[in-house]
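Visitor: The following comprises the amino acid sequence and a computationally predicted model.
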Amino acid sequence: MYPESMQESIRKVEASRARRIELALSGKPVVEPMSAEQRQDVLDRFHPDYQDDARREVRWGPNAGQRLTTEVADLLETYARVDPSDYDLLEPDFDTDVLVIGAGSAGFCAALLAQEHGARVTLATKLRLGDANSMMAQGGIQAAVRDDDSPVHHYLDVVGGGHFDNRPELARALVSEAPDAIAWLRRKGVMFDQEDDGSLKAKPGGGTCRPRMLSARDYTGAAICRTLRDEIQNRPEIRVLEHSSAIELIKDARGRVAGAVLYHLLTREHFTIRARATVMATGGFGRLHVKGFETTNHYGATADGLVMAYRAGARLLYMDSVQYHPTGAVFPPQILGFLCTEKLRGMGGQPVNADGELFVYPLEPRDVEAASFIREATELGHGVSTPSGHVGIWLDTPVIEKLNGAGAIEKNLPAMLRQFQRFGVDIRSEPILVYPTLHYQNGGIEIDVECRSTVEGLYAAGEVAGGIHGRNRLMGNSQLDLIVFGRRAGRYAAAFAGTAEPAELSLGHVLEANRRVGELGVDRDRISPLVLPDYVPERVKRRQHDTRYRGTLI
Amino acid sequence: MATEDKLVTIHVMGEAFRVPEGSTIMTALEYAGFQLTTGVGCREGFCGACGTLYREAGDYKIKGGLACQTVVTDGMHLAQIPFVPAAKPVYDIEALSPDEEAIKRIYPEVFRCVACSTCTKICPQDIQVMDYVQCLMRGDIAQAANISFDCLRCGLCGLRCPAEIVQYNAATLARRLYGRYLARPSERLERRVEAIARGDYDAQLDELQGLDADALKKRYYDREIKTK
Ligand SMILES: Cc1cc2nc3c(=O)[nH]c(=O)nc-3n(C[C@H](O)[C@H](O)[C@H](O)COP(=O)(O)OP(=O)(O)OC[C@H]3O[C@@H](n4cnc5c(N)ncnc54)[C@H](O)[C@@H]3O)c2cc1C
């Protein structure tokens, strides 16, 4: 399936394979992991975040004066989509105790726990339940369950991977509740991969000092997310609103967050909902295509929660760091930017250059690994080009079969096998071409251990929240944080809802935000939240005389 | 993205559009000017939102695929199936047992299977759908869970089934029953949960949290790395 132009390089990969397998069998890292100085050097020179134009100062709001990722700063300096004068806030359309915005696994956990703690719960989401990054996670979820591992080892990995910027109490909650989170998921009926003696299969992951990556084949996120969705649907007391995108938070006269305005994507109606507590669980921002990168994220990952929370006065943390996953697909072109799970490397897959040579420890923390790939393909010129003009380096997947036995890929990586087979590549016998792709929002809404944002009444959990992972999340710790902090958010939001009665509702903060943005001279056609990205081509756009805004629907 | 130098014709709900050769159905629809709000989700083959039925030129067969994973061909006729009508029965997983009885109670229509294999033929994941339905009828929850594991719930099987079974819902129940009742217990996991609850790691975590930046860094870079 690979064109002739790429075959010569593949032969070199094949030629070095036996030698590399020998190395892997030795049990030691196939390439020496980097020192702190080496890591810093490759990040400084090659990670997209460290380039001059990657960040700029945001000019208004809770983080005014801080340098944030340019696309994020741009988004925070836009006008609101809603016109506050359109709504009668004295008569909200819905009333609830806890409003959960976003139906990925974080939102599901929050909704379940809030309901279990006696709250009336409404779960509103943009597309359908589970159309979310949560459903897409392939590789795994971390929990220290092996005898030679512990929450202490896990903690060290989390904070080292995060460049020691993690909020220590959040990192500690994450690792300490990990085993319990897994046990809870198993009771809900999630099937994890197990060894013959019943212990959970654990593989190494990028930046882990012990094999700690638990999995459900390479459908780990789906296994978790669909089980939680089924559980949500088994509780009719939880009101579910699908195709209902939150487009602004509502506050009350005391300055608390007290609900949201929802926009129904199919009927284009707006609804107001009053809530005693609101949990933001809207996930990440891959569809901002930071620095023009392709993304692994789902269609609705447009950072809506960030900008709504920001307008409501919530402080953001570490929104200057972006996670590029080292292994996004480069070939064939139909799957450009799609994820090739880290589990491929966890099971022994090796990154090699055009000459078939190893050049980096396969499981460095993600930012370091990604930067090394970029160095190899650009500065060192050891990349492989595709007919469509993209460049990548090889991930040698046939090694996995050799190290784990024939059939290992079909058994443990069926999604990957299928993904490439659909487009004519057999990863059991051929390597795959990869390059970093935009993957994850490391920072987010600042929270404490009770998932409280800096604005009363607003909670956050999941990818939209910041602080747990510092400036670089390790694989498997996101799926974990959804469960740990999703459950916490539900519990604490329900408790808060029990004590809070919203005062008079208001969208005054939106008018104020618009005024501040207006003072900056921002163009009128820039609004947010984006709700969905705009992939309509220019050719069509020119004939759509009803489009008024840039980079978003309608 | 696909190259734009060569175009092919596809028929979307009967209407012809010229789209780039080599694009997936999803990117072709967007090229044609549709702003998708249904029949789209993760765009990467994991969420099952974009199930699509199509016929290719010169072929009478109706095929199923995911719009984000299927490449257009010249003369293709297609319709997206964003949802297959099926209510989800409500049940309490704690009140069931992992056997045929549970299936009978919650999804009695499973037992109407006529073993025609239409479901298996349409499945975009190439799952042996009919085989797991047969397992469900036998009460073999473990096999049903195993065979159906990679299901994305696009719903195409349920749409084509002459016996009107909602296979993907029944499979979800089977997997939950397996995970809840049949999966082997993991003693290590349980011991670890207990140890944490007892506070076994508190002192060490307190110590790490108390280290200054340099000491913590040193501890991190000095830690032993085990890959096996
Ligand atoms: C391809 C892929 C593979 C991954 N693999 C792994 C892995 O192996 N291990 C790991 O730990 N992590 C992995 N991750 C990361 C992890 O899966 C995500 O970070 C995590 O699922 C985010 O969960 P969430 O619930 O916070 O957000 P999501 O799951 O993205 O859910 C957010 C929900 O909010 C909705 N929403 C968004 N905006 C609005 C709005 N304005 N109004 C209403 N609803 C809204 C969305 O539609 C969506 O339903 C992966 C991510 C991707 C994309």
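Guide: Right, received. Where do you want to start? Numbering: from 1, shown residues only, chains lettered A, B, ... in the order given.
Visitor: From now on I want contacts and neighbour counts done on CA atoms only, so please keep to that.
Guide: Fine.
Visitor: list the contacts for the residue nearest to the spatial centre of chain B?
Guide: Geometric centre of chain B, nearest residue: B:L152, 1.8 Å, by C-alpha atoms, centre = their mean. Going by C-alpha atoms under 8 Å, 6 or more residues apart in numbering or on different chains, B:L152 touches A:A222, B:F46, B:C47, B:G48, B:Q125.
Visitor: Same question for B:Q128.
Guide: B:Q128 makes contacts with B:T120, B:I147, B:S148, as judged by C-alpha under 8 Å, 6+ apart.
Visitor: So which of these is the closest to A:L339?
Guide: Of all the contacts of B:Q128, B:S148 has the smallest distance to A:L339: 22.8 Å, by C-alpha to C-alpha.
Visitor: Tell me the confidence at the closest one?
Guide: Predicted confidence (pLDDT) for B:S148: 98.
Visitor: wait, doesn't it sit right on B:I127?
Guide: Yes. Using C-alpha atoms under 8 Å, B:S148 makes contact with B:I127 at a distance of 6.6 Å.
Visitor: Would you mind telling me which of those two has the busier surroundings?
Guide: Legend: neighbour count by other C-alpha atoms under 10 Å in any protein chain shown for B:S148 and B:I127, higher for B:S148 (24 against 18).
Visitor: Check the gap between the closest residue to the ligand within chain B and A:P62 for me.
Guide: Of all residues in chain B, B:E44 sits closest to the ligand, with a separation of 7.5 Å (C-alpha to the nearest ligand atom). Using C-alpha to C-alpha, to the nearest Å, B:E44 is found at 35 Å from A:P62.
Visitor: Which one of these two is surrounded by more residues?
Guide: More neighbours surround B:E44 than the other of B:E44 and A:P62, with 22 against 16 (other C-alpha under 10 Å).
Visitor: got the contact list for the more buried one?
Guide: By C-alpha under 8 Å, 6+ apart, B:E44 lies in contact with A:M136, A:T296, A:H298, A:I335, A:F338, B:C68, B:Q69.
Visitor: Quick check: which of those are also close to the ligand?
Guide: Among the contacts of B:E44, the ones lying near the ligand by C-alpha under 6 Å from any ligand atom are A:M136, A:T296.
Visitor: got the end-to-end distance for stretch A:419-429?
Guide: End to end - C-alpha to C-alpha - stretch A:419-429 spans 15 Å.
Visitor: pLDDT value on the closest residue to A:N477 other than its chain neighbours, please?
Guide: With C-alpha to C-alpha, 6 or more residues apart in numbering or on different chains as the measure, A:Q142 is the residue that lies nearest to A:N477, at 5.6 Å, once sequence neighbours are left out. On pLDDT, A:Q142 comes in at 98.
Visitor: Sketch out the low-pLDDT regions of the chain for me.
Guide: As the question left the chain open, I've gone with chain A. Under the criterion pLDDT under 70, the flagged ranges of chain A are A:554.
Visitor: hm, I was asking about chain B
Guide: If you take pLDDT under 70 as the line, chain B has these spans: B:1-4.
Visitor: hmm, 80 instead?
Guide: For chain B, applying pLDDT under 80 flags the ranges B:1-5.
Visitor: Helices along that one, start to end?
Guide: For chain B, applying DSSP state H gives helices covering B:25-32, B:100-106, B:118-122, B:129-138, B:141-147, B:156-160, B:167-177, B:187-198, B:202-210, B:213-222.
Visitor: Can you lay out those as a markdown table showing mean neighbour count and distance to chain A?
Guide: Below are those laid out as a markdown table (neighbours: other C-alpha atoms under 10 Å in any protein chain shown; distance: least, C-alpha to the nearest C-alpha, whole Å):
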| stretch | mean neighbour count | distance to chain A |
| --- | --- | --- |
| helix B:25-32 | 22 | 6 |
| helix B:100-106 | 17 | 12 |
| helix B:118-122 | 20 | 15 |
| helix B:129-138 | 22 | 16 |
| helix B:141-147 | 22 | 9 |
| helix B:156-160 | 22 | 17 |
| helix B:167-177 | 25 | 4 |
| helix B:187-198 | 16 | 5 |
| helix B:202-210 | 14 | 6 |
| helix B:213-222 | 14 | 6 |
